[in-house]
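**Student:** Can you look at this prediction? I've put the sequence above it.
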Amino acid sequence: MTSNAAVFAADYKNSPYWWEAAPRPRLAESSLPAQADVAVIGSGYTGLCAAIETARGGRGTVVLDAEDAGWGCSTRNGGQVSTSFKPSFEELAALHGAERAFAILKEGHTALDWIDRFIAAEKIECGFARVGRFHAAHNPAQYEALSRRLQNQPKGLEVECHMVPRGEQRSELGSDVYFGGAVFARHASLDPALYHQGLLDRAISSGAAIHPRTPVSAIDGAPGSFRLTTPRGTVQAREVIVATNGYTGGLTPWLRRRVIPIGSYIIATEPLAPELMQRLIPKNRVVSDTRKLVYYYRASPDRRRILFGGRVAFKETDPKVSAPRLHQELARLFPELKDTKVSHSWMGFVAYTFDTMPHIGRRDGLHYAMGYCGSGVSLASYFGMRLGRQVLGLKDGATPLDGLGFPGRPYYWGNPWFLAPAIRYYRWHDQQNK
Ligand SMILES: Cc1cc2nc3c(=O)[nH]c(=O)nc-3n(C[C@H](O)[C@H](O)[C@H](O)COP(=O)(O)OP(=O)(O)OC[C@H]3O[C@@H](n4cnc5c(N)ncnc54)[C@H](O)[C@@H]3O)c2cc1C
């Protein structure tokens, strides 16, 4: 077996591969405005898509981020774009009735189509393409379950898909480890940091003022007259949008009790030979698997590297520690990559929720959208846009998620003490019937 140190390339970086093509933006320093119509906390997809709406709607908009613009998940993710909701129609119908379940799941389809149209309309060059997804079954029972699920899709919510048996798997993936899988033809990929850069440019050109390295430490007041405290001064704002997702902290304790920050980890490989890439990911699809602790991967936009992500540690750890573990799994799936080195390793905090649903709404006068459960490229953008329209008082800000209760749990204040045992259980679960 390769030793831990041997997996790192000579030019290894402990930072996102995406930041090579889209380095963290250096924005011109400007003083914090004393007043704004709308203050947005968080400069990821949610915050920027909301800010684009409010700024274009004529509201003086200021976006504040504790770190560089887009420093959170929005420039760290896998760039896989799907219909996104985790619960099934049956699960949602049992909780909210069939009609609302239908409307909620339809929203996932709408979000995917919306981001496609939005990127085209805004001419954001981020390589968005409907490459399709290969969703691989990690055991025969999962293959059967996937096949049943696709044969019994709820009417009106059907997606374009087909099963690929194990014998034909090599047409999709250069691995024999899986037991076949399903292709979801409409799923897409993009470069997440170039997409973020495009949003940032559109937000600025729409008139929003972006203030990086401006952590908000307190919010006082009420709608019409909020006061946000930062180390660079205070901002008085009529409306506040909280767009902090997996980085939601003590600033908003009610929200913090409702989102579970979970680290997701990714590596990039050093460049591969074109013929090898053609064998491993011949159709350039994004890939995921049926495990509870899912692995997700794809080729880089230039098809030279594999970007391979997943959850490999019980507790949060340094990307330098997670890299050899991800590499080990990569080499298990693709033995041809056992000597391929890792050029980048990084992580970010996604936000899970107790009902595995995203949430959009208003609490104590603060608007929020968050909790995308690891699938936020389309959802964060789409709900950010809707939230911006809600702040403008527009009818089409409405979503079927409005008014959905945002559940917390007793004895949970924002530190997921149950994560290690839960991951231990899921790992055991995934290893059954391997
Ligand atoms: C490794 C990884 C892989 C992923 N892969 C995928 C994928 O392939 N497909 C997919 O759909 N989704 C994926 N996701 C999830 C997706 O990236 C997120 O759901 C989405 O980016 C969330 O966007 P956001 O704007 O809500 O939050 P973020 O982009 O995380 O932004 C939140 C921002 O809030 C700021 N902030 C927090 N507190 C404060 C404060 N007090 N004051 C000021 N600013 C503050 C933070 O600094 C941060 O920049 C992945 C996530 C990770 C980490």
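**Tutor:** Received it, and whenever you're ready, just let me know what you need.
**Student:** L419 contacts I262, correct?
**Tutor:** Yes - between L419 and I262 there is a contact under C-beta atoms under 8 Å: 6.7 Å. For every residue, glycine as well, the C-beta is placed using N, CA and C.
**Student:** sec struct for the closest residue in space to T356 that isn't next to it in sequence, please.
**Tutor:** Distances taken as C-beta to C-beta, 6 or more residues apart in numbering put K86 closest to T356, at 4.1 Å, once the chain neighbours are dropped. Using DSSP: H, G, I helix; E, B strand; the rest coil, the structure places K86 in coil.
**Student:** average pLDDT for stretch 386-406?
**Tutor:** For stretch 386-406, mean pLDDT rounds to 97.
**Student:** Give the buried residues for that stretch.
**Tutor:** 386-392, 397, 399-401, 404, 406 (16 or more other C-beta atoms under 10 Å).
**Student:** got the contact list for it?
**Tutor:** With C-beta atoms under 8 Å, 6 or more residues apart in numbering as the contact definition, stretch 386-406 has outside contacts at 38, 46, 49-54, 57, 59, 96, 100, 103-104, 106-107, 239, 241, 243, 258, 353, 357-363, 367-369, 371, 383.
**Student:** Where helices are concerned, which of the residues you listed count?
**Tutor:** 46, 49-54, 96, 100, 103-104, 106-107, 383 (DSSP state H).
**Student:** need those residues in a markdown table with pLDDT and neighbour count, can you?
**Tutor:** Shown next, in a markdown table, are the ones in helices among the contacts of stretch 386-406 (pLDDT from 0 to 100; neighbours: other C-beta atoms under 10 Å):
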| residue | pLDDT | neighbour count |
| --- | --- | --- |
| T46 | 98 | 34 |
| C49 | 98 | 26 |
| A50 | 98 | 33 |
| A51 | 98 | 34 |
| I52 | 98 | 26 |
| E53 | 98 | 26 |
| T54 | 98 | 29 |
| H96 | 94 | 18 |
| R100 | 96 | 16 |
| A103 | 97 | 16 |
| I104 | 97 | 22 |
| K106 | 96 | 16 |
| E107 | 96 | 22 |
| F383 | 98 | 29 |
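**Student:** So which of those residues reach the ligand?
**Tutor:** Counting by C-beta under 6 Å from any ligand atom, the subset of the ones in helices among the contacts of stretch 386-406 that neighbours the ligand consists of T46.
**Student:** can I get the ones in helices among the contacts of stretch 386-406 in TSV with distance to P301?
**Tutor:** Shown next, in TSV, are the ones in helices among the contacts of stretch 386-406 (distance: C-beta to C-beta, whole Å):
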residue	distance to P301
T46	23
C49	22
A50	27
A51	26
I52	24
E53	28
T54	31
H96	38
R100	38
A103	34
I104	32
K106	30
E107	28
F383	26
